Each structure stands twice: as structure tokens, then as C-alpha cells.
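S.K.: below is the sequence, then the predicted model.
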Amino acid sequence: MVVAEDLALLRDGLIRLLGAHGFDVVAAVDNGPDLVRALLEDPPDVAVVDVRLPPTHTDEGIRAALRAREEVDGLPVLVLSQYVERLYARELLADGRGGIGYLLKDRVSDVGDFIEAVRRVAGGGTALDPMVVAKLMDSRRRALPLDRLTPREREVLGHMAQGRSNAAIASAMVVTEKAVGKHTNNIFAKLGLQPSDDDNRRVLAVLAYLDGWGA
């Protein structure tokens with residue numbers, strides 16, 4: 001695992017936390033160029049990356065992660081951000097592959113959720129912060145295929161955007177897993193996603209979700 005965070009206290013805290021939960025942190029960096037080298041010289045099983053890194057503290061972290069994913073197919077990256085920035089979430093999902101996550105830094109304090117998100121991303125899944133989903137849902141919706149979805153299907157898609165499995169969605173919505181499966185199939189059909197690898201369709205559905213909610 002690689003950790004990229006310029007604040008020394010938070011970086012050390014992440015290393016200790018991840019180590020305590022069985023992750024082997026092989027590199028910890030504090031700037032964009034070093035992150036690129038760490039990700040490309042010895043691609044990790046997963047990287048936890050701050051969006052903003054030196055030298056400019058703008059988007060070095062996300063840019064380094066995106067560059068690495070272009071060169072290392074499916075490299076799992078979990079991005080941490082101080083604020084909800086829709087563009088970054090959209091860019092992470094743009095290639096239609098899994099193994100990505102976008103969490104607010106405050107989420108790290110909820111150790112269980114954070115570790116679950118890291119493991120989900122390492123396993124090739126997606127993990128979007130609930131606050132990202134909430135902000136998108138509170139924004140002005142554009143006229144896209146999402147209009148075809150029922151309120152219940154939109155709710156299911158919102159849970160999918162957080163990276164939850166059908167079983168986890170069923171538990172959260174207090175319905176059967178079979179009912180969730182029916183909703184997800186309806187979502188795929190209404191969004192025009194042809195039968196293929198289910199995980200890939202979930203990522204594409206989330207991408208449509210992100211595209212369908214704008215400020």
C-alpha cells in the first residue's frame with residue numbers, strides 16, 4: 001500500500017491505522033512527483049491519496065493517481081479530500097473501471113467505514129462518500145435518462161454510488177436482496193447498459209448518476 005498525505009501528523013496516523021488493520025504500507029510520500037514514482041515503480045495493491053499535495057497544493061494528488069491508473073490498468077486508488085468536489089469524483093470514474101474511491105477526510109475518524117472503503121477499493125470496487133452522494137442529490141438535476149428511474153430505483157442507485165453490494169443495500173433499505181436485484185436490473189435497462197460484467201455495469205451506472213446531477 002502507498003499513502004500520500006502532506007500533513008505529517010495525518011500521514012503518520014494513517015500509517016498506524018492501516019497497519020493496525022493488516023495493511024502493509026510500503027511507501028508514504030508527501031508530494032505529487034514522489035507519489036507518481038511510488039505508484040509506477042512498484043504498483044501497490046491500493047493507494048490512499050490526498051487530492052491536494054505539494055508543490056502547488058491544488059490537484060497534484062488526483063493528477064498523479066489518474067496518471068498512474070492510465071499506465072497501470074485498474075490500479076486501486078482511494079482519494080481523500082477536505083471538501084466535496086464533484087469534478088474529481090467524475091474524473092476518477094471516467095474510465096469506467098472499478099478500484100476507485102472518493103472520501104472526505106472526516107470519514108477517516110469513522111475507522112470502521114474507512115477501513116471497509118479501503119478494502120472495497122483494493123478489491124476492485126467503488127467507494128463514494130455519502131456526503132458526495134448527498135450533495136449531488138441536492139443539486140439541480142438535468143434532463144438525462146435518470147428521469148426514467150422511479151424514486152426507489154434512484155435510492156438504490158444512490159447506495160450503489162457509495163459502493164454498497166446488493167446485500168448491503170437490502171439491509172440499508174430493509175428489503176430483500178431479490179428486490180434490490182430487480183431494482184438494479186431495471187436501472188441497467190433504463191440507462192441502456194447492455195448485459196456485461198456486473199461490476200462494470202455498476203460503475204457505468206454510477207457514472208451516469210454523477211453525470212445526471214449538476215449544480
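M.R.: Thanks, I have it.
S.K.: buried residues in the strand or helix carrying Met160?
M.R.: According to DSSP states H and E, Met160 maps onto helix 151-161. Buried residues in helix 151-161, counting neighbours by 16 or more other C-beta atoms under 10 Å, are found at Glu153, Arg154, Glu155, Val156, Leu157, Gly158, His159, Met160, Ala161. Every residue, glycine included, has its C-beta placed from N, CA and C.
S.K.: also stretch 103-111?
M.R.: Leu103, Lys105, Arg107, Val108.
S.K.: and the pLDDT at the residue nearest the centre of the chain?
M.R.: Centroid-nearest residue in the chain, with C-alpha atoms, centre = their mean: Gly101, separated by 1.9 Å. pLDDT recorded at Gly101 is 88.
S.K.: wait, is Leu78 part of a strand?
M.R.: Yes: according to DSSP: H, G, I helix; E, B strand; the rest coil, Leu78 belongs to a strand.
S.K.: what's the neighbour count on the residue lying closest to Ser81 once chain neighbours are set aside?
M.R.: Distances taken as C-beta to C-beta, 6 or more residues apart in numbering place Val51 nearest to Ser81, at 4.4 Å, with adjacent residues excluded. Using other C-beta atoms under 10 Å, Val51 has 22 other residues around it.
S.K.: now that Val51 has come up, it's in contact with Leu87, right?
M.R.: No: taking contacts as C-beta atoms under 8 Å, Val51 lies outside contact range of Leu87: 10.5 Å.
S.K.: can I have stretch 20-36 written out in PDB, keeping just the CAs?
M.R.: C-alpha atoms of stretch 20-36 as PDB (Å, rounded to 0.1, in the frame of the first residue of the first chain):
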ATOM      1  CA  ALA A  20      -3.200  -2.000  12.800                       C
ATOM      2  CA  HIS A  21      -5.800  -3.400  10.300                       C
ATOM      3  CA  GLY A  22      -3.400  -5.600   8.400                       C
ATOM      4  CA  PHE A  23      -2.300  -3.300   5.600                       C
ATOM      5  CA  ASP A  24       1.400  -3.100   4.800                       C
ATOM      6  CA  VAL A  25       2.300   0.500   3.900                       C
ATOM      7  CA  VAL A  26       5.400   0.200   1.700                       C
ATOM      8  CA  ALA A  27       5.700   3.900   0.900                       C
ATOM      9  CA  ALA A  28       4.500   7.100   2.400                       C
ATOM     10  CA  VAL A  29       5.000  10.300   0.400                       C
ATOM     11  CA  ASP A  30       4.100  14.000   0.800                       C
ATOM     12  CA  ASN A  31       4.200  15.400  -2.700                       C
ATOM     13  CA  GLY A  32       3.000  14.700  -6.300                       C
ATOM     14  CA  PRO A  33       6.200  13.700  -8.000                       C
ATOM     15  CA  ASP A  34       7.200  11.200  -5.300                       C
ATOM     16  CA  LEU A  35       3.700   9.800  -5.500                       C
ATOM     17  CA  VAL A  36       3.900   9.200  -9.200                       C
END
